[in-house]
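**Q** sharing a model prediction with you, sequence too.
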Amino acid sequence: MKYKHVFIGIGVCILLSLYYFSNPTEVNFFPKCPFHTLTGFHCPGCGSQRALHQLLHFEIMETLNYNALYILGLGTIIYNTSVNTINKYWNKNYYNILYHPKTPIYIGIIIILFWILRNIDIYPFNILAP
């Protein structure tokens, strides 16, 4: 399909517009977290829809309140895209630490620790819950 990227871009713009104009805390048509619905515990992604809405409104502290891992994930995506773009278009050869063999292990540990800690109902861990 020749225009696949155009359709993906249009879809992303529509989705971002939906999250910009509709607050997930005030409307019920956004999907609920199946893990939280079934168990009552927060998964690492819980609060991401509300965090996206706040981020689109440049409310960084509110974004962190809903899901602190969200900002770290976006930073990782920005870092990876930047290094790959610089290497490709400026003919550089910067090392991308995300391609180190142990990086997925470290990222997995961070996600699992965040998952566990945000479900402990004792201060200061309870501030990680959305």
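**A** Good, I have the coordinates. If you're wondering where the values come from, they're calculated on a predicted model, not measured in any experiment. Numbers count the residues shown, from 1 in each chain.
**Q** who's in contact with stretch 83-94?
**A** Asn96, Leu98 (CB atoms under 8 Å, 6 or more residues apart in numbering). All C-beta atoms are positioned from the backbone trio N, CA, C, and that covers glycine.
**Q** and the end-to-end length of it?
**A** 7 Å (CA to CA, to the nearest Å).
**Q** name the residues of that stretch that are buried.
**A** Val83 (16 or more other CB atoms under 10 Å).
**Q** for the residue nearest the centre of the chain, helix, strand, or coil?
**A** Residue closest to the average C-alpha location in the chain (CA atoms, centre = their mean): Tyr70, at 3.6 Å. Following DSSP: H, G, I helix; E, B strand; the rest coil, Tyr70 is assigned to helix.
**Q** quick one: contacts for it?
**A** Contacts of Tyr70 by CB under 8 Å, 6+ apart are Gly47, Ser48, Ala51, Leu52, Leu55, Thr63, Leu64.
**Q** from what I see, Asn96 and Asn80 are in contact.
**A** Yes. Counting by CB atoms under 8 Å, Asn96 does reach Asn80; the two are 6.6 Å apart.
**Q** how many residues are close by Leu74?
**A** 14 (other CB atoms under 10 Å).
**Q** wait, Tyr19
**A** Tyr19, neighbours per other CB under 10 Å, totals 19.
**Q** again with the one 4 residues further on
**A** By the measure other CB under 10 Å, the count of residues near Asn23 is 14.
**Q** follow-up on the earlier one: for Phe114, see how far away the residue nearest to the centre of the chain is.
**A** Tyr70 is 11 Å from Phe114, where distance means CB to CB, to the nearest Å.
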